[in-house]
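Peer 1: Got a predicted structure plus its sequence, pasted below:
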Amino acid sequence: MTPGLQQPSDPIPLQGVSHYENFPVASLLCPPRLRPPIAAIYWFARTADDIADEGDATPETRLADLAAYRADLVATAAGLPPSPRWAPVFGQLRPQMAQFALPVKLLDDLLSAFEQDAVKQRYADEAELLDYCNRSANPVGRLLLHLYGIQDAASLQMSDDICTALQLINFWQDLGVDIPRGRIYLPADAWARHGVDEAQLLALDANPAVLQLIAAHVNAARAMMLRGQPLAKKIPGRGGWELRLVVQGGLRILDKIEAQGFNTLRRRPRLGPWDVVVMGWRAVFM
């Protein structure tokens, strides 16, 4: 999914080339005391994402590497030294785990999703897809809420809605990238409901039935994002403003998908300077 590891101290665009670039990392809006743990979480997740997806390694090699990466996480959580292979990643993560008591299970959930990425390329139904998002996206939001000391059930659910929506938006934005690589995130049962078959998707055939299939999933992602957006008002200070921009970034991508007739099979929508202005304006009036 990702073209390479970006240094964790750099600000990450609201909508980049991968799922993890949909999340803010150590940007100017992030409270300074939270920049180190957020950057460490990002670097941990981004590295695992690359293990699962980059290069031409076999699925067996990817799974073995992720198992070794998990062993380093377990060692780090126990106060033991990790292997030299990813020492910089875990060297940055270790003090943040200790200082902020980061939940190891959430980090492990991310690894389970990356393991799935290495071997699974089709989703039978929405339940399977949402289960994947629950492990690939939602832990990131819950880790951020943990750093802000927000743990009530309503906030956690809104965080899950935002994070799952961001993951789905990335999928629908990247259909023309993922499908040629063999990955189809559109659930198979939805193909049948819309009269679409796998051959049409693999051929990137933007016929009316396929576009209606994409439109239905884009609209569902928008509804999910709107359910989660009130969370931005519960996060104090600059962090709340950053979340507003993340939400508006996702919604703006959906606007652009709709504006091009829901056809992301041939053209990937991107945010430009004017979109950032629109996002900022909308963030003010959320």
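Peer 2: That came through, no problem.
Peer 1: in the longest helix along the chain, what counts as buried?
Peer 2: If you go by DSSP state H, the chain has its longest helix at helix 237-259. Residues 239-254, 256-257 are the ones in helix 237-259 that count as buried (16 or more other CB atoms under 10 Å). C-beta: built from backbone N, CA, C; applies to glycine.
Peer 1: For it, output the C-alpha coordinates as PDB.
Peer 2: Output of helix 237-259 as PDB, limited to C-alpha atoms (Å, rounded to 0.1, in the frame of the first residue of the first chain):
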ATOM      1  CA  GLY A 237      -7.300  22.300  21.900                       C
ATOM      2  CA  ARG A 238      -5.300  21.800  18.800                       C
ATOM      3  CA  GLY A 239      -5.900  18.100  18.700                       C
ATOM      4  CA  GLY A 240      -9.600  18.700  18.100                       C
ATOM      5  CA  TRP A 241      -8.800  21.000  15.200                       C
ATOM      6  CA  GLU A 242      -6.500  18.500  13.700                       C
ATOM      7  CA  LEU A 243      -9.300  15.900  13.900                       C
ATOM      8  CA  ARG A 244     -11.700  18.300  12.300                       C
ATOM      9  CA  LEU A 245      -9.300  18.600   9.300                       C
ATOM     10  CA  VAL A 246      -8.800  14.800   9.100                       C
ATOM     11  CA  VAL A 247     -12.600  14.400   9.000                       C
ATOM     12  CA  GLN A 248     -13.000  17.100   6.400                       C
ATOM     13  CA  GLY A 249     -10.100  15.600   4.400                       C
ATOM     14  CA  GLY A 250     -12.000  12.300   4.200                       C
ATOM     15  CA  LEU A 251     -15.200  14.000   3.300                       C
ATOM     16  CA  ARG A 252     -13.600  16.100   0.600                       C
ATOM     17  CA  ILE A 253     -12.100  13.000  -1.000                       C
ATOM     18  CA  LEU A 254     -15.600  11.500  -1.100                       C
ATOM     19  CA  ASP A 255     -16.800  14.800  -2.800                       C
ATOM     20  CA  LYS A 256     -14.200  14.400  -5.400                       C
ATOM     21  CA  ILE A 257     -15.100  10.700  -6.000                       C
ATOM     22  CA  GLU A 258     -18.700  11.700  -6.500                       C
ATOM     23  CA  ALA A 259     -17.700  14.600  -8.800                       C
END
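Peer 1: hey, C-alpha coordinates of whichever helix or strand comes after that helix in CSV?
Peer 2: Per DSSP states H and E, the first helix or strand lying C-terminal to helix 237-259 is helix 273-284. Extracted in CSV, the C-alpha atoms of helix 273-284 (Å, rounded to 0.1, in the frame of the first residue of the first chain):
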residue,chain,number,x,y,z
PRO,A,273,-4.5,23.6,-2.5
TRP,A,274,-8.1,24.7,-3.1
ASP,A,275,-9.4,21.6,-1.3
VAL,A,276,-7.3,22.5,1.7
VAL,A,277,-9.0,25.9,1.8
VAL,A,278,-12.5,24.2,1.6
MET,A,279,-11.5,21.8,4.3
GLY,A,280,-10.4,24.6,6.6
TRP,A,281,-13.6,26.6,6.0
ARG,A,282,-15.8,23.5,6.7
ALA,A,283,-13.7,22.6,9.8
VAL,A,284,-14.5,26.0,11.3
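Peer 1: residues of helix 273-284 that come out buried?
Peer 2: 275-276, 279, 283.
Peer 1: Okay, now the unreliable bits of this protein?
Peer 2: Where the chain drops to pLDDT under 70, the residues are 1-29.
Peer 1: Domains in it, by residue range?
Peer 2: By the assignment in automatic domain parsing, the chain contains the domains 21-119, 121-286.
Peer 1: ends of the last one, how far apart?
Peer 2: Read it as domain 121-286. 37 Å (CA to CA, to the nearest Å).
Peer 1: And for stretch 166-179?
Peer 2: 19 Å.
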